[in-house]
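Asks: A structural model of the following input is requested.
(one chain, ligands or ions: 1)
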Amino acid sequence: MDLLNTLVDKGLRRELPTREEALAVLETSDDELLDVVAAAGKVRRQWFGRRVKLNYLVNLKSGLCPEDCSYCSQRLGSDAGILKYTWLKKDEAVQAAEAGVQGGAKRVCLVASGRGPTDRDITRVSETISAIKEHSGDVEVCACLGLLSDGQAERLREAGADAYNHNLNTSEATYGDICTTHGYEDRVATVRQARGAGLSACSGLIAGMGESHKDLVDVAFALRELNPDSVPVNFLIPFEGTPLEKEWNLTQQHALRILAMVRFVCPDAEVRLAGGREVHLRSLQPLALHLANSIFLGDYLTSEGQAGKADLDMIADAGFEVEGTDTTTLPEHRVDELVSVRRRGAGTELPPNA
Ligand code: SF4
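Replies: Below is the predicted model:
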């Protein structure tokens with residue numbers, strides 16, 4: 001197929017496809033699915049080989065959020081039956097992180113519900129980050145605490161955080177449909193702040209919220225412009241008790257097409273298979289490893305993933321290997337970019353990718 005040859009050539013050169021090409025990937029038929037996976041797999045292998053990075057979530061604070069993100073089981077007034085608790089103690093977080101490291105995780109993601117951290121929260125999380133670094137050595141630490149205020153990204157970086165996650169989730173045009181208590185621009189600003197402070201930016205999307213194919217392409221292109229080093233792709237888990245509880249819009253095949261489209265648009269970024277992979281991809285999960293080079297190990301924030309052992313078996317059975325701490329995840333040019341912003345100091349505006 002000409003389309004796929006073109007996309008592979010562009011992906012190998014880190015060249016942005018056109019919107020029409022990205023859209024065409026989402027509109028391929030199920031008969032073409034294996035060709036699409038094989039093509040995107042070439043791009044994935046060019047930048048990440050057959051390595052799979054494992055990430056582990058540590059939920060520092062759960063539920064009780066004043067925001068109204070409609071996909072989220074932790075939102076204001078949610079009836080979803082999830083655990084609700086305020087900040088995990090430092091030692092508990094260290095223990096949880098170590099459990100992830102023992103399971104093979106290279107990165108721990110410290111996540112807290114809420115609109116964004118107070119300066120006191122940043123102090124608390126900074127102490128936790130330092131303790132995890134001291135205890136678990138080489139593990140990468142990513143913080144995911146919501147919208148950041150001035151100076152907070154710098155403080156996290158000083159405490160030893162390697163990365164910051166804040167997802168765009170959906171296109172600018174549909175953002176107002178899924179959340180009214182903060183805006184798309186707030187999210188973009190936080191990703192920029194994190195990058196400018198020398199944190200490796202992690203920002204992705206949630207598919208299956210009733211968006212169009214065009215919306216998915218729009219959010220993928222917006223992410224490409226922000227240039228995060230990692231791009232988590234979530235598939236909506238429609239939690240009971242949330243406004244999106246009836247949104248079951250994805251087939252396994254379409255979930256794979258979405259991952260392939262993201263790989264073509266962000267060829268050299270760590271594409272991470274995130275929430276909803278088990279329920280939406282089901283027995284096709286191994287095919288997703290040809291597209292994503294990173295997965296979450298075990299449980300997610302408020303839902304249980306498949307056991308870590310099953311993930312490790314799946315990776316080995318599919319002919320991939322778990323990425324060790326002696327390997328750098330990102331391609332060299334991305335590492336150089338991050339090192340250079342860290343050298344230049346906080347507040348540096350990094351060039352966009354496109
Ligand atoms: S701000 Fe975060 S925790 Fe709160 S409702 Fe939105 S996604 Fe959920």
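
Asks: near the ligand, which residues of the stretch 1-150 of the chain are found?
Replies: 65, 67, 69, 72, 74-75, 113, 115, 146 (Cβ under 6 Å from any ligand atom). The C-beta positions use only the backbone N, C-alpha and C, and glycine is treated the same way.

Asks: redo that, cut-off 8 Å
Replies: 65-69, 71-76, 78, 113-115, 146 (Cβ under 8 Å from any ligand atom).

Asks: make a PyMOL selection of the buried ones in those.
Replies: Of these, the buried ones can be selected in PyMOL as follows, counting by 16 or more other Cβ atoms under 10 Å:
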select buried, resi 65+67+68+69+71+72+73+74+75+78+113+114+146
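
Asks: out of the residues of the stretch 1-150 of the chain next to the ligand, which comes closest to residue 309?
Replies: Distances from residue 309 to those, taken as Cβ to Cβ, are shortest for residue 73 (25.9 Å).

Asks: and that closest one, that one's in a strand?
Replies: No: under DSSP: H, G, I helix; E, B strand; the rest coil, residue 73 sits outside any strand and is assigned coil.

Asks: now the residue lying closest to residue 51 once chain neighbours are set aside. Its backbone dihedrals?
Replies: Take residue 51 and drop its neighbours on the chain: the residue closest to it by Cβ to Cβ, 6 or more residues apart in numbering is residue 323, 4.1 Å away. In terms of degrees, to the nearest 10, the main-chain angles of residue 323 are phi -70, psi 130.

Asks: just the strands in the stretch 51-200 of the chain please.
Replies: Counting by DSSP state E, counting those that start in this stretch, the stretch 51-200 of the chain has strands at residues 51-61, 107-112, 140-144, 163-165, 200-202.

Asks: pick the most deeply packed of these.
Replies: Among those, strand 200-202 has the highest mean neighbour count (mean count of other Cβ atoms under 10 Å), at a mean of 27.

Asks: what confidence value was assigned to the closest residue to the ligand within the stretch 101-250 of the chain?
Replies: With Cβ to the nearest ligand atom, the shortest gap between the stretch 101-250 of the chain and the ligand falls at residue 113, namely 3.6 Å. Listed pLDDT for residue 113 reads 92.

Asks: surely it and residue 63 touch.
Replies: Yes: here residue 113 reaches residue 63: they are 6.0 Å apart, a contact under Cβ atoms under 8 Å.

Asks: which residues do these two both contact?
Replies: residue 74 (Cβ atoms under 8 Å, 6 or more residues apart in numbering).

Asks: quick one: the longest helix belonging to the chain to chain centroid distance?
Replies: If you go by DSSP state H, the chain has its longest helix at helix 119-136. Centroid displacement of helix 119-136 relative to its chain, using Cα atoms, centre = their mean, to the nearest Å, is 21 Å.

Asks: could you give the angle of that helix to strand 107-112?
Replies: On the basis of axes from the mean of the first three to the mean of the last three Cα atoms, to 10 degrees, helix 119-136 is oriented at 150 degrees to strand 107-112.

Asks: so what secondary structure elements neighbour helix 119-136?
Replies: Applying 3 or more Cβ pairs under 8 Å, 6 or more residues apart in numbering; DSSP states H and E, one finds that helix 119-136 contacts helix 90-102, strand 107-112, strand 140-144, helix 152-158.

Asks: ok, which of those comes nearest residue 31?
Replies: Per Cβ to Cβ, nearest to residue 31 of the helices and strands packed on helix 119-136: strand 107-112, 37.0 Å.

Asks: what's the neighbour count on residue 21?
Replies: 18 (other Cβ atoms under 10 Å).

Asks: in which helix or strand would I find it?
Replies: helix 19-26 (DSSP states H and E).

Asks: distance between that helix and the chain's centre?
Replies: Chain-centre distance of helix 19-26: 21 Å, with Cα atoms, centre = their mean.

Asks: now for residue 18, how many residues are close by?
Replies: Residue 18: 13 neighbours (other Cβ under 10 Å).

Asks: swap in residue 336?
Replies: Residues lying near residue 336 (other Cβ under 10 Å) number 11.

Asks: contacts for the host helix or strand of it next, please.
Replies: Per DSSP H and E, residue 336 falls inside helix 332-344. For helix 332-344, the external contacting residues (Cβ under 8 Å, 6+ apart) are 195-196, 198, 200, 229, 268-269, 328, 330, 348, 350.

Asks: Serialize the residues you listed to TSV and add fields for distance to the ligand and pLDDT.
Replies: Shown next, in TSV, are those (distance: Cβ to the nearest ligand atom, whole Å; pLDDT from 0 to 100):
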residue	distance to the ligand	pLDDT
195	20	95
196	22	95
198	24	96
200	20	97
229	21	98
268	27	98
269	22	98
328	30	93
330	26	96
348	27	56
350	25	56
